[in-house]
Each structure stands twice: as structure tokens, then as C-alpha cells.
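>>> predicted coordinates and the sequence they were generated for:
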Amino acid sequence: MELFDENAAVLSDMESRRVDLSYEREVDFSHVFQSSDSAEAFIRACLKQGLKAADTTDDLMDNFDVTVSILMMPSCDNITAAEKRLGNLAARFEGRADGWGFFSN
């Protein structure tokens with residue numbers, strides 16, 4: 001399934017559970033890296049672009065996790081565009097996208 005279609009399905013499921021998607025909120029995009037150096041380089045690159053990024057690795061993880069939070073309308077177009085942009089940036093540091101989410105009402 002293509003990224004856009006996956007995101008459309010997730011958002012459709014949210015709507016069916018009465019999650020209000022009509023206002024801006026912080027959407028969290030997770031990324032996984034094999035080394036702390038790669039994760040830190042990704043965080044620095046995100047910060048240079050004005051993005052909010054943080055190391056969200058915990059002791060139970062085998063990899064290094066970075067979450068990038070972006071204030072946006074949670075639409076399929078916005079989420080897919082951000083996911084592709086951040087995924088491409090993560091790949092420059094040998095990382096990969098690992099999903100997205102947000103706190104719902």
C-alpha cells in the first residue's frame with residue numbers, strides 16, 4: 001500500500017472513532033537510527049530547518065528514536081508530505097521513518 005493510501009486509511013479510521021480532525025495540532029513523526037551519532041545529526045538538521053526534534057529513545061529500545069513534532073492540520077496531504085520530507089532527511093543520516101501520531105480528543 002502506498003504511503004498516501006496508508007495515511008488516508010488511518011485518518012479515516014480516526015474519523016470513524018470520532019477523532020476531531022478539524023483543527024491544527026502537533027503531529028509527531030517517529031524516526032529510527034542505528035547509532036546515536038546519526039540520530040543527533042538528524043536532530044541538528046531538523047533544528048536548522050526550524051523543526052522541533054528530540055531524542056525519544058528509551059532503555060528498552062535497540063535503536064535510537066527521534067521524534068519530530070509539527071503543528072499542522074491533520075490531513076492526508078499534509079501528513080504524507082511531511083512524512084516524505086522527513087523520511088528523505090532521515091535517510092541522509094542512515095535513518096528511516098517509523099510512523100506518526102498525535103494525541104486525540
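Nice, thanks for sending it over.
>>> just the pLDDT for residue 4.
Per-residue pLDDT puts residue 4 at 82.
>>> OK, contacts around it?
By Cβ atoms under 8 Å, 6 or more residues apart in numbering, residue 4 lies in contact with 76, 80. All C-beta spots, glycine's among them, are computed from the backbone N, C-alpha and C.
>>> state the helix or strand in which it lies.
Assigning secondary structure by DSSP states H and E places residue 4 in helix 3-16.
>>> in terms of secondary structure, what does the helix or strand that comes right after that helix contact?
Counting by DSSP H and E, the next helix or strand C-terminal to helix 3-16 is strand 25-33. Packing partners of strand 25-33 (3 or more Cβ pairs under 8 Å, 6 or more residues apart in numbering; DSSP states H and E): helix 36-48, strand 64-72, helix 76-91, strand 95-101.
>>> what comes up buried for strand 25-33?
Buried positions in strand 25-33, judged by neighbour count with 16 or more other Cβ atoms under 10 Å: 25, 27-33.
>>> could you do stretch 53-72 as well?
53, 57, 63-70, 72.
>>> pick the one among those closest to residue 42.
Ranked by distance to residue 42 (Cβ to Cβ), these are led by residue 66 at 5.6 Å.
>>> any idea what the closest one is bridged to?
Assessed by DSSP bridges, residue 66 has beta-bridge partners residue 31, residue 55.
>>> surely it and residue 28 touch.
No - contact criterion Cβ atoms under 8 Å: residue 66 and residue 28 do not qualify, at 10.5 Å.
>>> perfect, I'm done here.
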